[in-house]
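predicted coordinates and the sequence they were generated for:
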Amino acid sequence: MRQHMAGITQAQADSTLAAYLAAETAVLAGQSYELNGRKVTRADLAAIQSGIAIWDRRAKSLARGGISLTGVTPMG
């Protein structure tokens, strides 16, 4: 199990992305949904979609092997 990005695993990123996608589907259908212990409604759609974008990037980055930095000099 690969861990990158402050200890986030690929499985965790994929699971969180799936939860955000399920929340978006429910909210778009006019339902409320519980996400991370918080009830979300249509009014929260922008926040849900922002979470989808964040977790999609994280999942894709982990799938590629993590964050890659170029032109950075390590300190220390």
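Cool, got the structure.

can you tell me how far the spatially most central residue of the chain sits from Gly30?
By CA atoms, centre = their mean, the chain has its centre lying nearest to Trp55, at 1.9 Å. Remark: distance between Trp55 and Gly30 (CB to CB, to the nearest Å) = 23 Å. In short, each C-beta sits where N, CA and C put it, glycine included.

all helices of the protein, in order?
With DSSP state H as the criterion, the chain has helices at 10-28, 45-63.

residues touching the closest residue to Thr16 other than its chain neighbours, list them.
Spatially, and ignoring its direct neighbours in sequence, Thr16 is nearest to Trp55 (5.0 Å; CB to CB, 6 or more residues apart in numbering). Shown in contact with Trp55 (CB atoms under 8 Å, 6 or more residues apart in numbering): Ala13, Thr16, Leu17, Tyr20.

and the pLDDT at Trp55?
For Trp55, the model assigns a pLDDT of 94.

if I look at it, how far off is Ile48?
11 Å.

equivalent analysis for Gly65, please.
Look at Gly65 and Ile48: by CB to CB, they are 28 Å apart.

looking at those two, which one has more neighbours?
Higher neighbour count among Gly65 and Ile48: Ile48, with 23 against 9, using other CB atoms under 10 Å.
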